[in-house]
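>>> mind looking at a prediction? Sequence and model below.
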There are 2 protein chains.
Amino acid sequence: MSLTEVTLAIEIGGTHTSFGLVDVKGNSFVESRIPTKPNESPESLFERLFNKFNKIYKEYSYKYKLQGIGIGAPGANYYNGTIDYSSNLNWCYVNIVEIVKKYYDLPTVITNDANAAALGEMKFGAAKGMKNFIQLTLDKGFGSGIVVDGNIVYGKDGFAGEIGHTIVEKNGRSCGCGRCGCLETYVSTSGLIRTFYELISQLNEVSVLKEFPPEEVTARLIYDAAKNGDKLANTTFEITGKILGEALANAVAYLDPEVIILSEGLAMAGDLLLTPTKINMEKNLLNIYKGKVEVLLSGLTKGNAAILGASALIWHEIQKMNK
Amino acid sequence: MSLTEVTLAIEIGGTHTSFGLVDVKGNSFVESRIPTKPNESPESLFERLFNKFNKIYKEYSYKYKLQGIGIGAPGANYYNGTIDYSSNLNWCYVNIVEIVKKYYDLPTVITNDANAAALGEMKFGAAKGMKNFIQLTLDKGFGSGIVVDGNIVYGKDGFAGEIGHTIVEKNGRSCGCGRCGCLETYVSTSGLIRTFYELISQLNEVSVLKEFPPEEVTARLIYDAAKNGDKLANTTFEITGKILGEALANAVAYLDPEVIILSEGLAMAGDLLLTPTKINMEKNLLNIYKGKVEVLLSGLTKGNAAILGASALIWHEIQKMNK
């Protein structure tokens, strides 16, 4: 029996570091994870990770042949193989690729989670076969991966694709980055909650959510309330979609993409977000783009999207090398 | 004596169509032009152009060997070889490459003037050796060419790079495109004039330019007045630079470019525009980009920048083919 070629995909998250073996078609064979400990050194994290992985891989080595390793992590720099900054992990300029190569001397690539998600959509998800699109991860933050001509846009230093930190409102909401009015402060799960309280301050409207203290109100609660007909909650989604749609119309003017894909967090709200987003994007598009750009939900619905993204990252690299 | 390899570079402008022979180093040997007649068919324009060019080329054929033809024109579509729309020329979906190939069966490429200018800067100008940058043409309109990883970003249908039509002011100034608040309505020679009159309406300030009827006030006059210490004219440039700087900070978040190059029209104002642009860009940049992105004036100061751009376009293509 011939061996199945697989990649090891790793996602370093704030609470867990996940990994899995993924073949070129996006089939994930072995998935597992270890806790990410706060203030642990990267060397120690990878020692624990490879202790666990090696045991699993040994068991399956009669079946799988490892071709490369792909890693998705916040603050990762594709060019340098490093994590340049990570508020979660307390790491600064750590050369991750170097650490990993001590365990397996295979092609190894790292990028940030949003770029990995974009490649995941291109290889296995909603952007299959596309060469120009934008992927947005609308979680607590606003991540973005831009694909032009079949490759991630990394820019000069590997920091391209920070659409969440374009300023959409002068003197707007204060952002974690230290500036004001970033798109992320409006369009993210935390931005949704802020919009809800802005509406409470402006409108004299009843809402079931007024029973909850602000600390307990989540994007999920606003979603549930909206689904149950709560007007304030529905308006919250409409405004969020309007701001996103306007921002996307500008993104289209930069990049003329085939589709824009929304994933995670806010994207789980489906049509509640998608409908006002599409309407307002279309309304604000320059004529030459009208009716030509689709807004879709992530196609990575099966399995762990982050693992598929990290795997797509290294498969993409291997395929470039074999060209 | 061996022949010098050259490209024929053509720029279709509103009043003149220029052409020249340009070698791989950007030396331009023969330049000439014919008038662009309103409502003339493209077939007829190119007949006149090649009548003139062929005579010149015959004379020099002992010296030069034609390798390809590059064309810059507003509304041109790189993918299709067409001019898709052109308000100046009254042409719609004309296949230019097909027409040109009847005269010379050589590699022939067309793109819009802003993209050609960007390639011109990369091959011969201020972006020599760079792979990630943005080129802005700040004339009556606001053209932009985006270079990522050494290639123009064309997007799905060839319409990427319309930064001038990103909306920077909700419910802002009405734009020729039918929408409101486009960057072009603020940052262009015509935008500068509009800002001047907005300031007249808002401030109670003297200005030498109040002697002129609005129809006679040009960007050049505002520039001259500013240079002579006119306060209103100076404020006009400061505000224009502020709006451009803020927009560029957002552009950097998309693309992480090495430099941003300003050319033509407004860019001729030099430091009057450059200083407030740089200050306001820097002020609005996300931390990771601060101090890393230069704003420069065009490096295509010798000769016809449009001709050099069109030549760079076809040299870029020939070099890709030879890889």
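Yep, that arrived. Numbering: from 1, shown residues only, chains lettered A, B, ... in the order given.

>>> tell me the domain boundaries of chain A?
Using automatic domain parsing, the domain parsing of chain A gives A:4-122+A:302-322, A:130-297.

>>> least confident of these, on average?
Mean pLDDT is lowest for domain A:4-122+A:302-322 among those, at a mean of 93.

>>> so how far is A:Glu282 from A:Phe142?
21 Å (Cβ to Cβ, to the nearest Å). No exception for glycine: its C-beta is placed from N, CA and C like everyone else's.

>>> who's more crowded, these two?
Neighbours were counted for A:Phe142 and for A:Glu282 using other Cβ atoms under 10 Å in any protein chain shown; A:Phe142 has more, 28 against 17.

>>> and that one, what does it touch?
A:136, A:163-165, A:182-184, A:187-188, A:191 (Cβ atoms under 8 Å, 6 or more residues apart in numbering or on different chains).

>>> can you pull the contacts of the residue of the stretch 1-150 of chain A found nearest chain B?
Closest residue of the stretch 1-150 of chain A to chain B, Cβ to the nearest Cβ: A:Asn132 (4.6 Å). Shown in contact with A:Asn132 (Cβ under 8 Å, 6+ apart): A:147-149, A:255-258, B:155-156, B:160.

>>> just to revisit the earlier point, which of the contacts of A:Phe142 fall within strands?
In strands, defined here by DSSP state E, the members of the contacts of A:Phe142 are A:Leu136.

>>> which members of the contacts of A:Phe142 are classed as buried?
Buried by 16 or more other Cβ atoms under 10 Å in any protein chain shown: A:136, A:163-165, A:182-184, A:187-188, A:191, out of the contacts of A:Phe142.

>>> what does the stretch 101-250 of chain A put close to chain B?
Contact residues (Cβ under 8 Å from any Cβ of the partner chain) of the stretch 101-250 of chain A with chain B: A:131-132, A:146, A:148-149, A:151, A:153-163, A:165-167, A:170, A:177-179, A:246, A:249-250.

>>> PyMOL command to pick out the buried ones of those residues?
If you want just the buried ones from these in PyMOL, going by 16+ other Cβ under 10 Å, the selection is:
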select buried, chain A and resi 132+146+148+151+153+154+155+156+157+158+159+160+161+162+163+165+166+167+177+179+246+249+250
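
>>> if we can go back for a sec, show me the one of the domains of chain A that comes nearest B:Glu5.
Of all the domains of chain A, domain A:130-297 sits nearest to B:Glu5, with 27.5 Å by Cβ to Cβ.

>>> please, where are all the helices along the stretch 1-150 of chain A?
Counting by DSSP state H, counting those that start in this stretch, the segments of the stretch 1-150 of chain A that form helices are A:42-60, A:96-101, A:113-124.

>>> most tightly packed of these?
helix A:113-124 (a mean of 29; mean count of other Cβ atoms under 10 Å in any protein chain shown).

>>> what's it packed up against?
strand A:64-72, strand A:133-138, strand A:142-148, strand A:151-152, strand A:259-263, helix A:305-322 (3 or more Cβ pairs under 8 Å, 6 or more residues apart in numbering or on different chains; DSSP states H and E).

>>> strand partners (parallel or antiparallel) of the fourth one?
Strand A:151-152 pairs in its sheet with strand A:142-148 (antiparallel), by DSSP bridges.

>>> ok, the residue of the stretch 201-323 of chain A found nearest chain B - contacts?
Taking Cβ to the nearest Cβ, chain B has its nearest neighbour within the stretch 201-323 of chain A at A:Asp256, 2.5 Å off. Applying Cβ under 8 Å, 6+ apart, we find A:Asp256 in contact with A:132, A:289, B:154-162.

>>> make it 7 Å
A:132, A:289, B:155-157, B:159-160 (Cβ atoms under 7 Å, 6 or more residues apart in numbering or on different chains).

>>> relative to A:Leu119, how far out is the residue in the stretch 51-200 of chain A positioned nearest to chain B?
The stretch 51-200 of chain A approaches chain B most closely through A:Gly155 (2.5 Å), counting by Cβ to the nearest Cβ. Taking Cβ to Cβ as the measure, A:Gly155 falls 16 Å from A:Leu119.

>>> which parts of the stretch 151-300 of chain A are helices?
A:189-202, A:219-227, A:231-255, A:271-284.

>>> burial-wise, tell me which of the ones you listed comes out on top.
helix A:231-255 (a mean of 23).

>>> other SSEs contacting that helix?
Helices and strands touching helix A:231-255, as assessed by 3 or more Cβ pairs under 7 Å, 6 or more residues apart in numbering or on different chains; DSSP states H and E, comprise helix A:189-202, helix A:219-227, helix A:271-284.
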